[in-house]
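Asks: Structure for this input, please:
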Amino acid sequence: MLHVLLKPIRATVEGIGRVLARLGLIDAGRAERVSDLAWPRIVTGVARMSKSTADVAMVGTALGASAIAGVGYAIPYWALAFMFGGGIAGGTISLVSQRYSADRREEASVAVKVSAGFALAVTLPLVVVFWTMPEPLIRLIGTGDAAVAYGARYLRVVSLAMPFAALNLVGSRTLVAANDAWTPMIVRAGGAVVNIALNALFIFVFEWGVVGAAVGTVLANGAGTVVFAWGLVKGRLPLVGPLPVRVDGAAPHWNARTARHLAEIATPLALTNLAQSGGQFPLLAIVSLFGPEVVAAFVIALRVRDLMNTPGWGFGLASSSLVGQSLGMGREEEAAAYAQDTLRFAVTMYTLVALVTFAFADPISHLFVDDATIVPLAAALIRVTCVSVVLWGVMNGAIGPLRASGDTRWPLYGQVLGLFAFALPVAYAGAVTSLGLIGLYLALLFETGIPAVVTYARFRSEKWKLVSRTYRPAVSET
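Replies: Here you go, the predicted model:
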């Protein structure tokens, strides 16, 4: 599967970059560097989101709409690993990229170890909570005894994968910060392919149902953590070769200044992720008021939207890495040029993906479930997400330089404003008034559109350049 994804995605990304360069919209040299970092991360994103999508499709095929709804109720809890872990890893890429470009390798090593400590400190308590009380948590947002039971069984087991998932994000961002997107692609996308195979075995052969999907996730994420840890400590991986960053096993393992800077950068990012993905908790609770068929259709649409969002994995991290490296060397205008070109590149890619998905919304819906009631609902919601995901592309393209510079508060403000002032109220209005499903459609648009406007406005202000001076290696010594 990984080989099947690799060539067409690489050719598509590089081809779009060349076309934009010929049109004079971006610089050819910068387009090449962005492409080199972006396409492996997009492959990783497609593989990993395909895994999540396959989970839903497999349990739907094996167990029906109630299982889809149950897994859908559990996914926001499981996603907390990526919300908090992604925030920590966002701080990692900011600190490591600037220290790598300034040739401060020991400081980069300490930043990685501090990040790993943060990741464990945040996720291990969540494992305890989700293992001991999954059913009450699922009932907070879910309805229907069958769906709640499926969700509780899935959540209890999949929670064991949360520390591994967070550590994998730290390992991946460490290498991307040092211009190596290939190794994370091999490890994480390869793990996703193995995960899909394990899930198929556990669900259809062993007949473990939703528990089988969860067990496959735990095993695949645990294996990825072992590979990242081995490679970063040894400085190389078999069949891959030397890695650009090596984590020294000797002391120091902690630095208070590095920890403070990581917390300052990572906390707003984690809260942004929480507002973005954690918003699914109240949103799913509202969607459940529409009935189980709408819940199943909504979960399907979100899985498709997550798959469409995979360009953001590549372009957002490419921007963070390249902008961070330029800032680490004090080249602010070069950083701005990389940021602007990557944003244009990203929005173009998102638009093309959305157009294709919009055209094939009906057959895509049939891949998940063969129900005459659910399929048209899912297709309509998928088409709305095609518009909302382009707005997400604007946000992901603009957030890269903010993340690289440490200016991470404004994306949080935009996310909170979009969710609580717009998306949730209009969704609830749809559930309790004649507005109906139009409320859900508007909620999906506001959920990404408002953060996109706020984040892009902050990017255009260029105040992130000033913020970055606080976190550069030379400043960290004072």
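Asks: Pull up the gap between the nearest residue to residue 468 once chain neighbours are set aside and residue 124, please.
Replies: Leaving out its chain neighbours, the residue that sits closest to residue 468 by CB to CB, 6 or more residues apart in numbering is residue 405, at 3.5 Å. C-betas here are computed from N, CA, C, even on glycine. Computed as CB to CB, to the nearest Å, the residue 405 to residue 124 distance reads 30 Å.
Asks: Neighbour count: those two, which is higher?
Replies: Neighbour comparison, residue 405 and residue 124: the larger count goes to residue 405, with 29 against 12 (by other CB atoms under 10 Å).
Asks: Buried ones in the helix or strand containing residue 430, by neighbour count?
Replies: Secondary-structure assignment from DSSP states H and E places residue 430 in helix 424-432. Buried residues in helix 424-432, defined by neighbour count with 16 or more other CB atoms under 10 Å: 424, 425, 426, 427, 428, 429, 430, 431.
Asks: again, but for stretch 128-137
Replies: 130, 134, 137.
Asks: Can you verify my assumption that the residue nearest to residue 468 contacts residue 464?
Replies: Yes - distance between residue 405 and residue 464: 4.1 Å, which falls inside the contact criterion (CB atoms under 8 Å).
Asks: still on that earlier bit, in JSON lines, list the buried residues of stretch 128-137 along with distance to residue 416, pLDDT and secondary structure.
Replies: Written out in JSON lines, the entries for the buried residues of stretch 128-137 read as follows (distance: CB to CB, whole Å; pLDDT from 0 to 100; DSSP: H, G, I helix; E, B strand; the rest coil):
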{"residue": "130", "distance to residue 416": "25", "pLDDT": "97", "secondary structure": "helix"}
{"residue": "134", "distance to residue 416": "27", "pLDDT": "96", "secondary structure": "helix"}
{"residue": "137", "distance to residue 416": "22", "pLDDT": "94", "secondary structure": "helix"}
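Asks: Output these as a markdown table; include the columns distance to residue 178.
Replies: Listed next are the buried residues of stretch 128-137 as a markdown table, based on distance: CB to CB, whole Å:
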| residue | distance to residue 178 |
| --- | --- |
| 130 | 34 |
| 134 | 39 |
| 137 | 38 |
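Asks: picking up where we left off before, ok, the buried residues of helix 424-432 vs residue 259, which is closest?
Replies: Using CB to CB, the shortest approach to residue 259 within the buried residues of helix 424-432 belongs to residue 424, at 34.3 Å.
Asks: So which residues make contact with the helix or strand harbouring residue 362?
Replies: When secondary structure is defined using DSSP H and E, the element that contains residue 362 is helix 361-366. Identification of contacts with helix 361-366 by CB atoms under 8 Å, 6 or more residues apart in numbering yields 297, 300, 304, 357, 374-376, 378-380, 382-383, 386.
Asks: And it, how far out from the chain middle?
Replies: On the basis of CA atoms, centre = their mean, to the nearest Å, helix 361-366 is displaced by 24 Å from the centre of the chain it belongs to.
Asks: try stretch 317-327
Replies: 18 Å.
Asks: what sits up against it?
Replies: Under the contact criterion CB under 8 Å, 6+ apart, stretch 317-327 has outside partners 30, 33-34, 37-38, 41, 90, 93-94, 97-98, 100-101, 173, 176-179, 181, 332, 334-335, 338-339, 342-343, 346, 397, 400-401, 403-405, 465, 468, 472.
Asks: so of the residues you listed, which ones are in helices?
Replies: Judged by DSSP state H, the contacts of stretch 317-327 include 30, 33-34, 37-38, 41, 90, 93-94, 97-98, 100-101, 173, 176-177, 332, 334-335, 338-339, 342-343, 346, 397, 400-401, 403-405, 465, 468 as members of helices.
Asks: how many neighbours does residue 289 have?
Replies: Residue 289 has 14 neighbouring residues, counting by other CB under 10 Å.
Asks: thinking it is in contact with residue 433, fair?
Replies: No - contact status for residue 289 versus residue 433: not in contact, 11.4 Å apart, counting by CB under 8 Å.
Asks: any idea how far residue 75 is from residue 138?
Replies: Distance of residue 75 to residue 138, computed by CB to CB: 11 Å.
Asks: Now do the contacts for the closest residue to residue 401 other than its chain neighbours.
Replies: Using CB to CB, 6+ apart and skipping the chain neighbours, the partner closest in space to residue 401 is residue 339 (3.8 Å). Under the criterion of CB under 8 Å, 6+ apart, the contact list for residue 339 reads 319, 323, 400, 401, 459.
Asks: Filter those residues down to the buried ones.
Replies: 319, 323, 400, 401, 459.
Asks: So what's the residue count around the nearest residue to the last one once chain neighbours are set aside?
Replies: So the one you mean is residue 459. Spatial nearest neighbour of residue 459, chain neighbours left out: residue 398 (4.0 Å); criterion: CB to CB, 6+ apart. By the criterion of other CB under 10 Å, residue 398 has 32 neighbours.
Asks: isn't residue 398 right up against residue 462?
Replies: No - under the criterion of CB under 8 Å, residue 398 lies out of contact with residue 462, with a separation of 11.7 Å.
Asks: just to revisit the earlier point, mind putting the buried residues of helix 424-432 in TSV, pLDDT included?
Replies: Conversion of the buried residues of helix 424-432 to TSV gives the following (pLDDT from 0 to 100):
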residue	pLDDT
424	94
425	96
426	96
427	95
428	95
429	96
430	95
431	93
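Asks: which stretches of the stretch 351-478 of the chain have low pLDDT?
Replies: By pLDDT under 70, the weakly predicted segments of the stretch 351-478 of the chain are 474-478.
Asks: quick one, strands of this structure?
Replies: Assigned by DSSP state E, the chain shows strands spanning 236-237, 241-242.
Asks: Of all those, which one is nearest residue 158?
Replies: Proximity of the strands of the chain to residue 158 was assessed by CB to CB; the nearest stretch is strand 236-237, lying at 26.8 Å.
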